[in-house]
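[1] curious how this folds, go ahead:
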Amino acid sequence: MSIQVVCPIGHVLKVSDDYAGKTGLCPVCKSRVKVPKPSEDQLSEDAIMSILGKYDPNKARKKLADVSDLAAADTPRALQNQTSPDGGADTVANAASLPKKSCPHCNREIVAGIHICPHCHTYIAGLGDF
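    Residues are numbered from 1 along each chain as shown. Purely as a prediction, here's the structure:
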């Protein structure tokens, strides 16, 4: 592992753990840089992985399905089936007839009233949308 250090001038350096607690020179500006000892409260990568646990693909798929359900619940009311004013079962607003826009992240075409892209789950609402 390495320790990230910033010299007094602002150069970001990655230094080997072997130099912890020692002073050296910045290779760019030759300023003195003290390499700190890693603090005891920092977690190692192995400790973080033991907290997270083993990867379970079924659990990841379930979370993805839950997020998709939330995105579907966030669709505007214009997309939901509505009856015509005379009480018939005709759909008033068809998804194909609604105004469209392009998602800035995945460039897929989505309904203009949606604030979260159903394809890439990117939040795309601006302040003027509320």
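[2] what is the least confident helix or strand in the chain?
    helix 57-73 (a mean of 66; mean pLDDT, DSSP states H and E).
[3] what's the following helix or strand after that one?
    strand 100-102 (DSSP states H and E).
[4] in whichever helix or strand comes after that next one, which residues are buried?
    Downstream of strand 100-102, the next assigned helix or strand under DSSP H and E is strand 109-111. Within strand 109-111, the residues scored as buried using 16 or more other Cβ atoms under 10 Å are 110-111. (Glycine included, C-beta is placed from N, CA and C.)
[5] what does the domain assignment say about this protein?
    In terms of domains, the chain is parsed into 2-48, 55-129 (source: automatic domain parsing).
[6] K100: neighbour count?
    For K100, the neighbour count with other Cβ atoms under 10 Å is 12.
[7] quick one, what contacts the nearest residue to it once chain neighbours are set aside?
    In this structure, K100 finds its nearest non-sequential neighbour in E109, 5.1 Å apart by Cβ to Cβ, 6 or more residues apart in numbering. Counting by Cβ atoms under 8 Å, 6 or more residues apart in numbering, E109 makes contact with 100-103.
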